[in-house]
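Student: test case, fold it:
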Amino acid sequence: MKHVYVVGTADTKGPELAYLAQTIADTGVPVILVDVGTRMPTIDVNVAASEVAACHPEGTAAVLSGDDRGVAVAAMSTAFASYMTTREDVAGVIGIGGGGGTSIVTAGMRGLPYGLPKIMVSTLASGDVGPYVDISDIVMMPSVTDFAGLNRFSRMILHNAAHALSGMVKTAFEATSQHRSVGLTMFGVTTQGVTAMVEQLGSTHDCMVFHATGVGGRTMEKLVDDGVLAGVLDITTTEICDLLLGGVLPASQARLDAIARTGIPYVGSAGALDMVNFWAPETVPAAFAGRQFYHHNSNVTLMRTTPEECRQIGSWIGRKLSSCTGPVRFLIPERGVSALDIEGGAFFDPEADAALFAAIEEAFEVSGNRRIERLPLHINDPAFARAAVDHFLSLI
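Tutor: Next up is the predicted model:
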């Protein structure tokens, strides 16, 4: 039998956890109440904190024997993440928490499969939830009031969260498409080209487009590792600019490693390598004063990459792709890499583009399976989209 796991610190959030668990149980969904607190619980639970703590790599004592709360929370986060990997009866997970509880519970949620219902009711849910959600599909729900005893607002929020989770569990999604899935990366300035690729592939492939905001690239590569994707059209590699130059939407150093590990068919390009992303103008580091900027909106500022920076970016990409053993085609759009990098556009800079393209070619080790092709086209040209799709279909 599958259960909903209701998780929180029963030493400090006992009444709220009990109310949440009972509300879900009243919908007819079986519940397991899990304590991840570090002190004595104030309610009865199904899984004691000591049982969770025992899943820590260094044992229970690493979690529950110290006096430092910060250390205990970090250790319990590790233990709970490990504990959840041992469960085979999970229909969904719902947690409540403040700062510590949110950190602990979401650590366990992030390792669960996409699609498995996950709701975190948190005092932190109206702020920056990136560290808690990361590349998962956790639903963050603001608690409105703090968890300091039940009141009419907290009951209302927990009631809604309970019924939302119950509804997800009772009406679980069942995939029906038989098409192979393909991953594509897109940014606003490459939308026209990538959309054309999706239109060409849509009748034969399940197209998953990932927004190239750092999280998008990491999510796509996780799905590569998970075997979900049959191939990748990594047209928009702009996250690498932010990684190397200090932008706010960076890839990780592991970008492209999943491609190398799996040998998955890969068609890549230089989409939006003409820009580094920052937030509002006042947030741009002083070191970049005097650079060429484009104000995408009041909260997003784009900085044009210089020829020297483009050489750095190109060399990084070329070296990474050279470690790939699967089929690789990297397409260079000679007439521009974004909607801004076009004749008359704000970021049109043939010298910088030439430096980028040359650096990629110099670092890229050509083999029977790995090739670079220059195309006398702009990245958003319909002909470029057709060429990318044709290369992709030839690889799979």
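Student: going forward, measure contacts between C-alpha atoms and count neighbours the same way
Tutor: Noted.
Student: output the helix or strand encompassing Glu16 as PDB, restricted to C-alpha atoms.
Tutor: Assigned by DSSP states H and E, Glu16 belongs to helix 14-25. Written as PDB, here are the backbone C-alpha positions of helix 14-25 (Å, rounded to 0.1, in the frame of the first residue of the first chain):
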ATOM      1  CA  GLY A  14       3.400  18.900  16.800                       C
ATOM      2  CA  PRO A  15      -0.100  20.300  16.700                       C
ATOM      3  CA  GLU A  16       0.300  21.500  13.100                       C
ATOM      4  CA  LEU A  17       1.600  18.100  11.900                       C
ATOM      5  CA  ALA A  18      -1.100  16.200  13.700                       C
ATOM      6  CA  TYR A  19      -3.800  18.400  12.100                       C
ATOM      7  CA  LEU A  20      -2.200  18.100   8.700                       C
ATOM      8  CA  ALA A  21      -1.900  14.300   8.900                       C
ATOM      9  CA  GLN A  22      -5.500  13.900  10.200                       C
ATOM     10  CA  THR A  23      -6.900  16.100   7.400                       C
ATOM     11  CA  ILE A  24      -5.200  14.000   4.700                       C
ATOM     12  CA  ALA A  25      -6.300  10.800   6.400                       C
END
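Student: elements contacting that helix?
Tutor: strand 3-8, strand 31-35, helix 152-170 (3 or more CA pairs under 8 Å, 6 or more residues apart in numbering; DSSP states H and E).
Student: taking their axis directions, it and helix 152-170 sit at what angle?
Tutor: With axes from the mean of the first three to the mean of the last three CA atoms, to 10 degrees as the basis, helix 14-25 and helix 152-170 are set at 40 degrees to each other.
Student: where exactly do the helices run in the stretch 251-396 of the chain?
Tutor: Under the criterion DSSP state H, counting those that start in this stretch, the stretch 251-396 of the chain contains helices at 257-262, 307-321, 350-363, 382-395.
Student: what's the last one in contact with?
Tutor: For helix 382-395, contacts defined as CA atoms under 8 Å, 6 or more residues apart in numbering pick out 193-194, 196-197, 200-201, 231, 233, 265-267, 327, 329, 331, 333, 375, 377-379.
Student: next: the longest one.
Tutor: With CA under 8 Å, 6+ apart as the test, helix 307-321 has contacts from 240-241, 244-245, 256-257, 260, 273-274, 328, 351-365.
Student: if any of these are buried, put those into a PyMOL selection.
Tutor: Restricted to the buried members of the contacts of helix 307-321, where burial is judged by 16 or more other CA atoms under 10 Å, the PyMOL selection command reads as follows:
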select buried, resi 240+241+244+245+256+257+260+273+274+328+352+353+355+356+357+359+360+361+363+364+365
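Student: can you count the residues close to Trp297?
Tutor: Rather than Trp, residue 297 is Asn. Residue crowding around Asn297 was assessed by other CA atoms under 10 Å; the count is 11.
Student: start at 11, not 1
Tutor: Fine by me, first position is 11 from now on; the one you just mentioned is Asn307.
Student: check it and give its pLDDT.
Tutor: At Asn307, the predicted lDDT confidence score is 92.
Student: show me what it bridges to in the sheet.
Tutor: When bridges are assigned using DSSP bridges, the partners listed for Asn307 are Val310.
Student: okay, the helices of the stretch 261-406 of the chain in JSON lines with distance to Val17 and mean pLDDT next?
Tutor: Compiled in JSON lines, these are given as follows (distance: least, CA to CA, whole Å; pLDDT from 0 to 100):
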{"stretch": "helix 267-272", "distance to Val17": "33", "mean pLDDT": "98"}
{"stretch": "helix 317-331", "distance to Val17": "41", "mean pLDDT": "98"}
{"stretch": "helix 360-373", "distance to Val17": "49", "mean pLDDT": "98"}
{"stretch": "helix 392-405", "distance to Val17": "45", "mean pLDDT": "98"}
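Student: of all those helices, which one is nearest Pro291?
Tutor: The closest approach between Pro291 and any of the helices of the stretch 261-406 of the chain, judged by CA to CA, belongs to helix 317-331 at 20.6 Å.
Student: got the CA coordinates for that closest one in PDB?
Tutor: Extracted as PDB, the C-alpha positions of helix 317-331 are listed here (Å, rounded to 0.1, in the frame of the first residue of the first chain):
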ATOM      1  CA  PRO A 317      36.400  39.000 -27.900                       C
ATOM      2  CA  GLU A 318      38.700  37.900 -25.000                       C
ATOM      3  CA  GLU A 319      35.700  36.500 -23.000                       C
ATOM      4  CA  CYS A 320      34.400  34.800 -26.100                       C
ATOM      5  CA  ARG A 321      37.800  33.000 -26.500                       C
ATOM      6  CA  GLN A 322      37.500  31.800 -22.900                       C
ATOM      7  CA  ILE A 323      33.900  30.600 -23.400                       C
ATOM      8  CA  GLY A 324      34.700  28.900 -26.700                       C
ATOM      9  CA  SER A 325      37.700  27.100 -25.400                       C
ATOM     10  CA  TRP A 326      35.700  25.800 -22.400                       C
ATOM     11  CA  ILE A 327      33.000  24.400 -24.700                       C
ATOM     12  CA  GLY A 328      35.400  22.900 -27.200                       C
ATOM     13  CA  ARG A 329      37.300  21.100 -24.400                       C
ATOM     14  CA  LYS A 330      34.100  19.700 -22.800                       C
ATOM     15  CA  LEU A 331      32.700  18.400 -26.100                       C
END
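Student: name the residues of it that come out as buried.
Tutor: Here helix 317-331 shows 317, 319-331 as buried, counting by 16+ other CA under 10 Å.
Student: tell me the helices in the stretch 61-210 of the chain, going along the chain?
Tutor: Secondary structure of the stretch 61-210 of the chain (DSSP H, counting those that start in this stretch): helices at 71-74, 79-95, 109-119, 140-143, 162-180, 201-211.
Student: how about residues contacting the helix or strand that the last one is followed by?
Tutor: It refers to helix 201-211. Scanning forward in sequence from helix 201-211 by DSSP H and E, the next helix or strand is strand 215-221. Outside strand 215-221, the residues within contact range by CA under 8 Å, 6+ apart are 187, 189-197, 208, 211, 226-227, 229-230.
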